[in-house]
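S.K.: 3D model of this:
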Amino acid sequence: MSVGVIILAAGRGTRMETGLAKVLHTAAGRTLLDWVLEAVGMLDPDETSVVVGVQADEVTSGLAEGIITAVQEPQNGTGHAAMVGLGGFTRVHDIVVVVPGDMPLIKAETLRGLVERHNQSAAAATVLTVKLDDPHGYGRIIRLDGDVAAIVEERDASHEQRSISEVNTSVYVFDGALLAEALEQISNENDQGEYYLTDAVSVIVAAGHRVAGFLTDAEEGVGVNTQAQLAEVAAVLRTRINTTLMESGVWMLDPSRVYIDAGVDVAPRSQIYPDTYLTGDTTVAVGACIGPSVQVHDSVIGADAIVVHAVLRGAVVGENSLIGPYTYLRPGTVLAGGTKIGAYVEVKNSEIGEGSKIPHLSYIGDATIGRDTNIGAATVTVNYDGHKKYRTTIGDRVRIGSDTMLVAPVMIGDDAYTGAGSVITDDVPEGSLGIERSSQRNIPGYAERRRLRAEKESEE
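M.R.: Reported below is the predicted structural model:
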């Protein structure tokens, strides 16, 4: 049995008020379309046709190889979109699954159950339905002897029909040949001047074919049309992600305040505290402790590392490292195991060796630091001359004194020291002390003379 899937992704999403095609809006790290593609992909379809319209190039640019794109221009309704989607197939499929591209909560197992019900019931079409406490605005499912006799839109429903809580989700399975025949018979003679896919269902029923219904959880039928709905589905997706992680052995103090994107890899025995954001291509290894108040994007956190009150972007943190609080690790930062990057430290495009420490109040940019080196408070690698950036190299077991300015390009050898308050512009050889500061001069009686001068000025 061959299976074709049509995803309706041509909508403008006007009520989103962003100017972005609706299916390109993201929830929990993926676009709405990507969530739907993941779900339908579990059906292992022979062909998948994505119907695009608004911002077609942007929508298709992220599609995997082998996905068919069919352009709907102009957008003349869901029935017309299904026609366009069918036209993208290379052959007639035994069954065709139609799914809107703005339903990120639809589950793969639900789609499998829908197809199974369709096959078992020998129906010409099967409609996925949900029951809503407030069905206003949705097409009502009219059943007769358990089958779907009609789908009545809100504006056409009688008072009695509007009391029905079972509604259409716009997800269907059709006999492929019968769908093509039905679409040829529908009309656009309605107040919108559009072709509706629900009319194809009516044509199939009128021809004496059976239409079945498959009821699922209400949340799966939610489509996204507004920013509020986008936020609602994103919250559901995050709950699903967090629940799956906790079932795998990840500990969370308060899952409702943990924000983890799809695709982020968090190993068992990790601990996640509130107000933690793990996004992009991020990996958290076994036993790491993250949060509270941490943002991590496109980064790797090693086993048993601790990250507290920090921002990481494009960084690698070695195992057993300690990061924070109030630390910023920028792209290109690579920390070996057992490092410590402390309070109010910023590191950019630098490699820090095993066991080295930058405890507080420092900026390290474009640097290479060896093993077991300590960087004193308020140290700065002066890496930019206004035109070009230069690199600082610091060896193993080095002690950089507090308030040292390292003016790149400069090299500090193994086991070397720098004196506190120094501006180092030349290389410091291995085992040497580099110091640059003028001799201290004390001026006796300065405070008294200043007080008397101030009194005289006030009298005048």
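S.K.: Tell me the predicted confidence for Pro460.
M.R.: Actually, residue 460 is Glu. It isn't Pro. Glu460 is assigned 73 on the pLDDT scale.
S.K.: Return the distance of it relative to Arg453.
M.R.: Distance, Glu460 to Arg453, using C-beta to C-beta, to the nearest Å: 11 Å. Glycine gets a C-beta too; all of them are placed from N, C-alpha and C.
S.K.: Those two: which has the busier surroundings?
M.R.: Arg453 (10 against 5; other C-beta atoms under 10 Å).
S.K.: Determine the three-state secondary structure at the more buried one.
M.R.: Secondary structure for Arg453, judged by DSSP: H, G, I helix; E, B strand; the rest coil, is helix.
S.K.: does Arg91 really touch Ser2, like I thought?
M.R.: Yes. Taking C-beta atoms under 8 Å as the definition, Arg91 is a contact partner of Ser2 at 7.3 Å.
S.K.: quick one, strands of the stretch 1-150 of the chain?
M.R.: Counting by DSSP state E, counting those that start in this stretch, the stretch 1-150 of the chain has strands at residues 3-9, 26-27, 30-31, 47-52, 68-71, 95-100, 125-131, 140-144, 147-152.
S.K.: partners of the third one in the sheet?
M.R.: The one in question is strand 30-31. Strand 30-31 has the following strand partners under DSSP bridges: strand 26-27 (antiparallel).
S.K.: mean confidence score for stretch 185-201?
M.R.: 91.
S.K.: Quick one: end-to-end distance for it.
M.R.: 11 Å (C-alpha to C-alpha, to the nearest Å).
S.K.: quick one: buried residues of it?
M.R.: 186, 194-201 (16 or more other C-beta atoms under 10 Å).
S.K.: before we move on, the earlier item: check the strands of the stretch 1-150 of the chain for me and report the most buried one.
M.R.: Comparing those by mean neighbour count (mean count of other C-beta atoms under 10 Å), strand 3-9 comes out on top with a mean of 28.
S.K.: What separation do you get for Glu459 and Arg453?
M.R.: For Glu459, the distance to Arg453 - C-beta to C-beta - is 11 Å.
S.K.: could the strands of the stretch 1-150 of the chain go into JSON lines alongside distance to Glu109 and mean pLDDT?
M.R.: As requested, those are exported to JSON lines (distance: least, C-beta to C-beta, whole Å; pLDDT from 0 to 100):
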{"stretch": "strand 3-9", "distance to Glu109": "16", "mean pLDDT": "98"}
{"stretch": "strand 26-27", "distance to Glu109": "19", "mean pLDDT": "98"}
{"stretch": "strand 30-31", "distance to Glu109": "18", "mean pLDDT": "97"}
{"stretch": "strand 47-52", "distance to Glu109": "18", "mean pLDDT": "98"}
{"stretch": "strand 68-71", "distance to Glu109": "25", "mean pLDDT": "97"}
{"stretch": "strand 95-100", "distance to Glu109": "14", "mean pLDDT": "98"}
{"stretch": "strand 125-131", "distance to Glu109": "12", "mean pLDDT": "98"}
{"stretch": "strand 140-144", "distance to Glu109": "21", "mean pLDDT": "96"}
{"stretch": "strand 147-152", "distance to Glu109": "22", "mean pLDDT": "94"}
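S.K.: sorry, back to before: what touches both of Glu460 and Arg453?
M.R.: The overlap between the contact sets of Glu460 and Arg453 (C-beta atoms under 8 Å, 6 or more residues apart in numbering) is empty.
S.K.: Walk me through the domains of this protein.
M.R.: 3-221, 249-434 (automatic domain parsing).
S.K.: I'd like those as TSV, with distance to Val236 appended.
M.R.: Putting the domains of the chain into TSV (distance: least, C-beta to C-beta, whole Å) gives the following:
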stretch	distance to Val236
domain 3-221	6
domain 249-434	12
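S.K.: Out of these, the one nearest Ala231 is which?
M.R.: For these, proximity to Ala231 was assessed by C-beta to C-beta; domain 3-221 is nearest, at 8.4 Å.
S.K.: before we move on, the earlier item: can you say which of the strands of the stretch 1-150 of the chain is nearest to Val345?
M.R.: Ranking those by proximity to Val345 (C-beta to C-beta) places strand 26-27 first, at 31.3 Å.
S.K.: re earlier: can you add distance to Asn383 and give the buried residues of stretch 185-201 back as a markdown table?
M.R.: Putting the buried residues of stretch 185-201 into a markdown table (distance: C-beta to C-beta, whole Å) gives the following:
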| residue | distance to Asn383 |
| --- | --- |
| Ile186 | 67 |
| Glu194 | 60 |
| Tyr195 | 62 |
| Tyr196 | 62 |
| Leu197 | 60 |
| Thr198 | 64 |
| Asp199 | 66 |
| Ala200 | 65 |
| Val201 | 66 |
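S.K.: And the furthest pair within those?
M.R.: Pairwise distances across those peak at 15.4 Å for Glu194 and Val201 (criterion: C-beta to C-beta).
S.K.: Got phi/psi on Met42?
M.R.: Backbone geometry at Met42, expressed as degrees, to the nearest 10, gives phi -70, psi -10.
S.K.: No further queries at this time; thank you.
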